[in-house]
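# take a look and give me a structure for this.
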Amino acid sequence: MLKKFSFLICVALLSGCWDERQYKDISVVPIVGHDGEIGEITSYFTVPIIKDETATTHVIEGKGVSIREALEDANLKTSQSMDVSKLIVILFSDETVKTDIYEYLDVYYRNARNQLSTYIGITEGSTKPYLEVGNELQEDAGTYFHDYIEGLERVSIYPKTDLQIICTMLFDEGKDIVLPYFKISEDEKSADIKGIALFNGKSYTGDYINNQQAITLSVLRDTIGRNASFTYTFEGTPITTVIRGIKKKWDYSEIENSNSIKLSYTLRVDVQEFSRDHLNDKETRNDIEQFLSKKIEEDAQKLLEVLQESKSDPLGLGRRVRAFHPEVWEKGKWKETYSTLKLEPSIKVIVERTGILH
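Okay, the predicted model is just below:
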């Protein structure tokens, strides 16, 4: 009898949730923006406001020497405590992340309630006008940027990278992160993608690549989304192809002798647009395959030059060098060695599908 009574007491004590909170006492923040630097942080938090059955968002500003203090300062300006554990997007100004980005992310890793699927973005200038974009579009800015970044993933401009993935890569000397880089549109009512920001270790280099270069990067990384397309002009006729498969081979065998790495790719593509047709003709198809191979290879070479100049290694070439070529890795700082390597891309395109019309 005593055992049964003890069991019931234990069940009663365990019936609650350790992290239970009453949402009537808090305001859930879907997106935040951070400007400034450690010692002088300005943060912006969006909170939902419901008035006359209409939902809008309000941006609350907080200041402090750290992000935690900026949150506490902003909390003094609201009737409810702000909850950042359900964040879906965090934005940083481009000047802010030119220093160690982990200094700003640490606060989000230390709370067990915070979700790690949060997206991270970089803004041209202050983050505040980007949080106000939602009001112009009559939707929440957090949802706007979350859907925007997911769209970039689908078209292979941006590889899937959330708060959890970033944490593992920031401490990996053999591979660098990249983040979406936004700008305010000309009409100042929405945000546009400016490109993909390049990082060297934990700091933004100040350089970025454009959208087409970003797709090329996804191909070289073999991390394409649902769609990765290239459009060129072949003898006066536009031709658009979509990549359906990638086979890559990286050859490090000459890195110790000639300081070179060969990056070979075979791309299987579908032709989506080509008004001249006649792709069933073997000679025409061969000409197009050679043309596409040359153009994509040229794009890859230009991209690699940009990455090396920025000393940014988003391909993760350093990982294998560290594992299998310690003599090269230990020559000095990897990024200095990386910037002097001879990277030789080789692209072979195979047209698999040409559409109904030939």
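
# per-domain residue ranges of this protein.
26-209, 223-358 (automatic domain parsing).

# out of the ones you listed, deepest packed?
Per-stretch averages of neighbours, counted by mean count of other CB atoms under 10 Å, single out domain 26-209 among the domains of the chain, with a mean of 18. Glycine gets a C-beta too; all of them are placed from N, C-alpha and C.

# returning to what we had before: dump the domains of the chain to CSV, plus distance to residue 216 and mean pLDDT.
Listed next are those as CSV, based on distance: least, CB to CB, whole Å; pLDDT from 0 to 100:
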stretch, distance to residue 216, mean pLDDT
domain 26-209, 8, 91
domain 223-358, 5, 93
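
# can you put those domains in CSV and add distance to residue 217?
Converted to CSV, the domains of the chain look like this (distance: least, CB to CB, whole Å):
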stretch, distance to residue 217
domain 26-209, 7
domain 223-358, 6
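
# secondary structure element for the nearest residue to residue 334 once chain neighbours are set aside?
Nearest non-adjacent residue to residue 334, counting by CB to CB, 6 or more residues apart in numbering: residue 318, 5.0 Å away. Per DSSP states H and E: residue 318 is located in helix 317-324.

# please enumerate the strands of the chain.
Listed in chain order, the strands of the chain (DSSP state E) span 26-28, 31-37, 40-51, 54-64, 81-83, 89-93, 119-123, 178-184, 191-200, 203-209, 229-234, 237-251, 260-273, 342-353.

# contacts only, for residue 35.
Residues near residue 35 by CB atoms under 8 Å, 6 or more residues apart in numbering: 41, 42, 43, 44, 93, 95, 96, 126, 127, 128.

# do residue 216 as well
Residue 216 neighbours (CB under 8 Å, 6+ apart): 296, 299, 300, 303.

# could you rerun that using 6 Å?
If you count contacts by CB atoms under 6 Å, 6 or more residues apart in numbering, residue 216 has them with 299, 300, 303.

# got it, and residue 83?
Per CB under 6 Å, 6+ apart, neighbours of residue 83: 26, 28.

# all further residue positions should be reported with the first residue as 709.
Yes, from this point I'll number from 709; that puts the last item at residue 791.

# distance of it from residue 734?
Residue 791 is 4 Å from residue 734, where distance means CB to CB, to the nearest Å.

# same question for residue 928.
Residue 928 is 44 Å from residue 734, by CB to CB.

# cool, and residue 997?
Going from residue 997 to residue 734 by CB to CB gives 59 Å.

# a markdown table for the strands of the chain, including distance to residue 869?
Below are those laid out as a markdown table (distance: least, CB to CB, whole Å):
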| stretch | distance to residue 869 |
| --- | --- |
| strand 734-736 | 24 |
| strand 739-745 | 17 |
| strand 748-759 | 22 |
| strand 762-772 | 25 |
| strand 789-791 | 24 |
| strand 797-801 | 12 |
| strand 827-831 | 7 |
| strand 886-892 | 7 |
| strand 899-908 | 10 |
| strand 911-917 | 14 |
| strand 937-942 | 21 |
| strand 945-959 | 19 |
| strand 968-981 | 22 |
| strand 1050-1061 | 23 |
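
# quick one: closest of the ones you listed to residue 875.
When those are compared by CB to CB, strand 827-831 sits nearest residue 875, at 10.6 Å.

# so what's the gap between that closest one and the chain middle?
Computed by CA atoms, centre = their mean, to the nearest Å, the separation of strand 827-831 from the middle of its chain amounts to 8 Å.

# which helices and strands sit right next to that strand?
Using 3 or more CB pairs under 6 Å, 6 or more residues apart in numbering; DSSP states H and E as the contact test, the elements touching strand 827-831 are strand 797-801, strand 886-892.

# hmm, try it at 10 Å
The helices and strands touching strand 827-831, judged by 3 or more CB pairs under 10 Å, 6 or more residues apart in numbering; DSSP states H and E, are strand 739-745, strand 797-801, helix 810-817, helix 836-839, helix 849-862, helix 871-878, strand 886-892, strand 899-908.

# mind exporting the fifth one as PDB, just the C-alpha atoms?
Provided in PDB are the C-alpha atoms of helix 849-862 (Å, rounded to 0.1, in the frame of the first residue of the first chain):
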ATOM      1  CA  ALA A 849       8.800  40.500 -41.100                       C
ATOM      2  CA  GLY A 850       9.900  37.200 -39.600                       C
ATOM      3  CA  THR A 851       7.600  35.200 -41.900                       C
ATOM      4  CA  TYR A 852       8.700  37.300 -44.800                       C
ATOM      5  CA  PHE A 853      12.400  36.700 -44.400                       C
ATOM      6  CA  HIS A 854      12.000  33.100 -43.300                       C
ATOM      7  CA  ASP A 855      10.100  32.300 -46.600                       C
ATOM      8  CA  TYR A 856      12.500  34.400 -48.600                       C
ATOM      9  CA  ILE A 857      15.500  32.400 -47.300                       C
ATOM     10  CA  GLU A 858      13.700  29.100 -47.900                       C
ATOM     11  CA  GLY A 859      13.000  30.300 -51.500                       C
ATOM     12  CA  LEU A 860      16.700  31.000 -52.000                       C
ATOM     13  CA  GLU A 861      17.500  27.400 -50.800                       C
ATOM     14  CA  ARG A 862      15.000  26.000 -53.400                       C
END
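
# between that helix and strand 739-745, how many degrees?
Helix 849-862 runs at 90 degrees relative to strand 739-745, counting by axes from the mean of the first three to the mean of the last three CA atoms, to 10 degrees.

# check the third one too.
Per the same axes, to 10 degrees, the angle that helix 810-817 makes with strand 739-745 is 150 degrees.
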